[in-house]
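J.: Compute the structure for the input listed below.
(chains A and B)
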Amino acid sequence: AQRVTQPEKLLSVFKGAPVELKCNYSYSGSPELFWYVQYSRQRLQLLLRHISRESIKGFTADLNKGETSFHLKKPFAQEEDSAMYYCALSGLRGSARQLTFGSGTQLTVLP
Amino acid sequence: DAGVTQSPTHLIKTRGQQVTLRCSPKSGHDTVSWYQQALGQGPQFIFQYYEEEERQRGNFPDRFSGHQYPNYSSELNVNALLLGDSALYLCASSLVTIEAFFGQGTRLTVV
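T.: Prediction:
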């Protein structure tokens, strides 16, 4: 079975402070990991995927297979980063890839 | 490109009734997945359609069914509605190896 755990439902940091959103996963195979973000009144959108290894809006995430983690980090948080963040795992079942989401972390960046 | 569009945006139904939700995928995408997002939870995979066939199904009862048309648009049908079916229903479209793009969702309330 595939599972994604985001231990923090709420996270508050001050503007300019570093931020780390935690994500742990369980999957027997080679998963693809993603971070999705949902800004207020907007649709769920992809923030980054581990395969591309790129930095989007200053966020990075490293896949740690030993610890089965995919934590999202940003060195200096901005107020516009306030949003709901979901970690997701894409696993292959048969010919289909399905996303399994964590329960999300609401990030609030305080001025 | 309007991206993924879903209709209606909001819907109120009575327990026991049936409902149909609609989704038009992003241009060029041939795979449509449906997710249920209960309040305070991450999206949960319902099923995925590809080439007009249900390719994969999550842990949802047979009351949940779907359809995909030749133009790749899709419908989600829920029969014998229960109060617990109240949720945001998300449609996502993708190609085989491309990340999923989500619609704004349909907010279903069962009373």
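
J.: and stretch B:23-41, how far apart are its ends?
T.: End-to-end distance for stretch B:23-41, by C-alpha to C-alpha, to the nearest Å: 22 Å.

J.: Quickly run through the sheet partners of the helix-or-strand element of chain B with minimal mean pLDDT, with directions.
T.: Least confident helix or strand, chain B: strand B:53-57 with a mean of 90, by mean pLDDT, DSSP states H and E. Using DSSP bridges, the strands paired with strand B:53-57 are strand B:44-50 (antiparallel).

J.: before we move on, back to that, which parts of the least confident helix or strand of chain B are buried?
T.: Buried residues in strand B:53-57, defined by neighbour count with 16 or more other C-beta atoms under 10 Å in any protein chain shown: B:Arg55, B:Gln56, B:Arg57. The C-beta positions use only the backbone N, C-alpha and C, and glycine is treated the same way.

J.: touching chain B at all, the helix or strand bottoming out on mean pLDDT in chain A?
T.: Lowest on mean pLDDT, DSSP H and E among the helices and strands of chain A sits strand A:96-101, with a mean of 82. Yes. Against chain B, strand A:96-101 shows contacts by C-beta under 8 Å from any C-beta of the partner chain at A:Ala96, A:Arg97, A:Gln98, A:Leu99, A:Thr100, A:Phe101.

J.: For chain A, which segments are assigned as strands?
T.: For chain A, the strands defined by DSSP state E occupy A:3-5, A:10-14, A:19-21, A:24-26, A:32-38, A:45-49, A:60-61, A:72-74, A:83-93, A:96-101, A:105-110.

J.: Tell me where the model's unsure across chain B.
T.: Chain B contains residues with pLDDT under 70 at B:1, B:96-98.

J.: What parts of chain B come near chain A?
T.: Within chain B, the positions lying close to chain A (C-beta under 8 Å from any C-beta) are B:3-4, B:33, B:35, B:40-45, B:48, B:50, B:55-56, B:58, B:90, B:92, B:96, B:99-105.

J.: Just the buried ones from those?
T.: Applying 16+ other C-beta under 10 Å to the residues of chain B next to chain A flags B:3-4, B:33, B:35, B:42-45, B:48, B:50, B:55-56, B:58, B:90, B:92, B:99-105 as buried.

J.: ok so, going back, and the strands of chain A, which one is worst for confidence?
T.: Sorting those by mean pLDDT places strand A:96-101 lowest, at a mean of 82.

J.: Sheet-wise, list the partners of that one with their directions.
T.: strand A:83-93 (antiparallel).

J.: Compute the inter-axis angle for the strand it pairs with and strand A:105-110.
T.: If you take axes from the mean of the first three to the mean of the last three C-alpha atoms, to 10 degrees, strand A:83-93 sits at 150 degrees to strand A:105-110.

J.: Flag every buried residue along strand A:83-93.
T.: A:Ala83, A:Met84, A:Tyr85, A:Tyr86, A:Cys87, A:Ala88, A:Leu89, A:Ser90, A:Gly91.

J.: and which of the residues you listed is nearest chain B?
T.: Nearest to chain B, judged by C-beta to the nearest C-beta, of these is A:Tyr86 at 5.3 Å.
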